[in-house]
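[1] how would this look folded up:
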Amino acid sequence: MQLCRVLLFTGLLITASIAQDYDDEAAAAPPPPALDNCDGVFLTYTFISRAKEFPHVKNASAQAYAFKSMATLMNTMSTDLKAWKMFIGFQHDEILVSVNGAVVTEGSDLPAAVGNGTSFSGFPQTDLLNSIDTAGDMNQIQVEIDLTGTQFGVKPPGVPMPKTIKLLNDGFKCPNPTKKASNMYVCCVKDPKFKKKKKDDSNKFLPRQYGDLNIVYDVLQAYGNNYLAQVTMDNDSPLGRLDNWNLTWEWKRNEFIYSMRGAYTLKKDFSYCIYGAQGQYYKDFDFTPVMNCEKRPIIADLPPEMENDDKIGKLPFCCKNGTLLPPTMNATKSHAIFQLQVFKMPPDLNRTALFPPQSWKINGFLDPEYKCGPPVRVSPSTFPDPSGLLASTYAVASWQVVCNTTRPKLKSSRCCVSFSAFYNDSVVPCNTCACGCDEDAACDPDAPPLLLPSEALLVPFDNRTAKAKAWAQLKHRDVPKRLPCGDNCGVSINWHVSSDYRKGWTARITLFNWADYTFKDWFTAVRMDKAFDGYEKVYSFNGTKLPKLKNTIFFEGLPGLSYLLPISDGKDPENDPRVPGKLQSVMSFSKKHTPDINIMSGDGFPTRVYFNGEECSLPTEIPKGHGHRSRVSLLSLVLLAVMVM
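    Purely as a prediction, here's the structure:
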């Protein structure tokens, strides 16, 4: 422990002398009790130096500076810390250029914008052992993270420090860190109120976690310079989905993929190996049959016709053309498996030197965005014995990657929703630039959309201008000189409140496909916060209430209606606009269990809408009841009759 104090104090004195370059006071070292009294994980962040970057500008807030800093984690407990994760709350529009001693947890490519803070995970040192079992070996109980990047807006002598630092591992709590000049430190301790989960194999491995998409990287066979791995993907989200998925990761130790089964890489190029470190080591190796040598390969699923191929097929749950359906639709189509033969490089030329790839990412076509965590070592996976005996075989080693869906940011959705009702003859269209807009667009990306007549929903946005202007003139509304931009969404959904009567009400949902792509096995889901209990039936779709999701109703196509066709040409292509693929159904609701529902005030509209797992952009307005109404009250009819008499 005395050695720890000396090293830490020396490092802080060095950074203190550097801080004096900015006419700041010398950074004082943390008092020895801060480390001595820490029974947990001791975190530090030290700002080292910075230099002005080009271009040099007069505006101090826009000036870029290249900075260097270092973060450390030290395990001061009597137990090991498995799969450590640290958060640094950057706040000066930082852009990370290089990271040594760790990886960005979310798998972002460098350079990466981290101005709102980011988390780091250990690689290659994923665990911090305890001092008792290592005789205080600093290389095993502590890790250093060297950071280099760019930051903005803090003019010397100010020191651009983060807001906070903390440990993200479950079961720990961190107080506010102590800041002194260019140094910051905090001691994170175990939370006594945290309910511990049982760990596997006598505390050897962390328990498995579960998210929306769970990926397991199993090493099935291990040799000196190569190993056979299997990747298993399980979609466990009731609304998660992937179509034509592309999976990518980063090899950190110069590995390369020799062959694959159940999947393939989009780029088959062995030139990276021939001209790289692999070719220098494997001098007599024939790289011609090598599948991929890229540092970040892109992996895709095989088509169904390759399922029974003797060389690359014949794996369970493979070859579905990249489709992972939610288990609520089809449990057998919510899994995917592929295998790969991986060759290693020095110094990892022994059976036990096994390192999984890092920075996992996965995406699909018009699907929700997933953010994946780091691979975490878990207990070896078990498989049924291939001989058919009642025995189990174990993987050599297993890692788990947990991916969760994220809500789309403003103007970055992939689908949108329009609202209409029987009591108002105008349609509230999709939001302007709901799915993004070009920066050099001649339209106004910030203007609210123009209300539309109902027939305009079948017309592509480029052909709606005349209808929107005519409708605005008819309704005596102003039309801006610079018209609002379109929504640019591949799929749009219209929710129409059709009727309202004493015992219930009805709604109609219409799906429009504006893309040149056929959606097979489509689904949509709506969250009805005020009308969920009153849902009765949908007539042209298959509808199911999802008890695990708050007030959510799940719709999918009946047999024969599971395809949402793409956009097509009109009857007269030279004169008629293109026609979107369309599906429609009516649903009924009862007021028996929702007696206080007020349809005219907007209670009949959903609060969230999903298409194929992607959350759609909702209008900012709801149709109001002062427009044309198709329902006349009995009292109005009586008064009118009396006046006529």
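
[2] what's the closest non-adjacent residue to the spatially most central residue of the chain?
    For the chain, the residue nearest the mean C-alpha position is residue 370 (2.6 Å; CA atoms, centre = their mean). Closest residue to residue 370 apart from its sequence neighbours, by CB to CB, 6 or more residues apart in numbering: residue 403 at 4.3 Å. Glycine gets a C-beta too; all of them are placed from N, C-alpha and C.

[3] Surely the residue nearest to the centre of the chain is in a strand?
    Yes. Residue 370 sits within a strand when classified using DSSP: H, G, I helix; E, B strand; the rest coil.

[4] Would you enumerate the residues in contact with it?
    Residues near residue 370 by CB atoms under 8 Å, 6 or more residues apart in numbering: 212-213, 361-363, 403-406.

[5] ok, back up a step: any idea how far residue 368 is from the residue nearest to residue 370?
    Distance, residue 403 to residue 368, using CB to CB, to the nearest Å: 10 Å.

[6] now swap in residue 186 and tell me
    Residue 186 is 35 Å from residue 368, by CB to CB.

[7] And the strands in the stretch 251-400 of the chain, which stretches?
    Secondary structure of the stretch 251-400 of the chain, counting by DSSP state E, counting those that start in this stretch: strands at 256-261, 263-265, 298-301, 335-343, 358-363, 369-372, 376-378, 382-384, 392-394, 397-406.

[8] Among these, which comes closest to residue 50?
    For those, proximity to residue 50 was assessed by CB to CB; strand 358-363 is nearest, at 26.6 Å.

[9] Apart from its chain neighbours, what residue comes closest to residue 48?
    residue 68 (4.5 Å).

[10] so which strand or helix has that neighbour?
    Per DSSP states H and E: residue 68 is located in strand 64-75.

[11] partners of the next helix or strand after that strand in the sheet?
    Per DSSP H and E, the first helix or strand lying C-terminal to strand 64-75 is strand 85-88. Strand 85-88 has its sheet partners listed here by DSSP bridges as strand 118-122 (antiparallel), strand 165-167 (antiparallel).

[12] Name the residues that touch the shortest one?
    The one in question is strand 165-167. 41, 43-45, 71, 73, 84-89, 174, 177, 184, 186, 188.

[13] So among those, which ones count as buried?
    For those, a neighbour count by 16 or more other CB atoms under 10 Å gives the buried set as 41, 43-45, 71, 73, 84-89, 174, 177, 184, 186, 188.

[14] show me where the stretch 401-550 of the chain has helices.
    Counting by DSSP state H, counting those that start in this stretch, the stretch 401-550 of the chain has helices at residues 465-474.

[15] excluding its backbone neighbours, what's nearest residue 211?
    residue 402 (4.0 Å).

[16] Tell me which residues touch the residue lying closest to residue 594 once chain neighbours are set aside, please.
    Nearest residue to residue 594 in three dimensions, chain neighbours excluded: residue 534, at 4.2 Å (CB to CB, 6+ apart). The neighbourhood of residue 534, defined by CB under 8 Å, 6+ apart, consists of 504, 589-594, 597.

[17] List the residues that contact residue 577.
    Applying CB under 8 Å, 6+ apart, the residues near residue 577 are 459-460, 462-463, 570.

[18] where's it, which helix or strand?
    Residue-wise, residue 577 maps onto no helix or strand under DSSP H and E.

[19] do residue 175 as well
    Using DSSP H and E, no helix or strand contains residue 175.

[20] So for it, what pLDDT did the model give?
    Listed pLDDT for residue 175 reads 95.

[21] Got phi/psi on it?
    The phi/psi pair for residue 175 (degrees, to the nearest 10) reads phi -70, psi 180.

[22] Could you do the one 4 residues further on as well?
    With angles defined as degrees, to the nearest 10, residue 179 shows backbone torsions of phi -110, psi 130.

[23] Just give me the neighbour total for it.
    Counted with other CB atoms under 10 Å, residues neighbouring residue 179 total 18.

[24] Not counting its neighbours along the chain, what's nearest it?
    residue 161 (6.4 Å).

[25] so what's that neighbour up against?
    So residue 161 contacts 45, 47, 179, 182, 184 (CB under 8 Å, 6+ apart).

[26] could you pull out the strands for the stretch 1-150 of the chain?
    Going by DSSP E, counting those that start in this stretch, the stretch 1-150 of the chain shows strands at 41-52, 64-75, 85-88, 95-100, 102-104, 112-113, 118-122, 142-152.

[27] Can you lay out those as a markdown table showing mean pLDDT and distance to residue 248?
    Formatted as a markdown table, the strands of the stretch 1-150 of the chain follow (pLDDT from 0 to 100; distance: least, CB to CB, whole Å):
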| stretch | mean pLDDT | distance to residue 248 |
| --- | --- | --- |
| strand 41-52 | 95 | 30 |
| strand 64-75 | 96 | 27 |
| strand 85-88 | 96 | 21 |
| strand 95-100 | 96 | 18 |
| strand 102-104 | 93 | 14 |
| strand 112-113 | 92 | 15 |
| strand 118-122 | 94 | 17 |
| strand 142-152 | 96 | 23 |
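
[28] which one of those strands lies closest to residue 288?
    Closest among these, using CB to CB: strand 102-104, at 32.3 Å.

[29] Let me know the pLDDT of residue 233.
    97.

[30] Okay, and it sits in which element?
    Residue-wise, residue 233 maps onto strand 226-235 under DSSP H and E.
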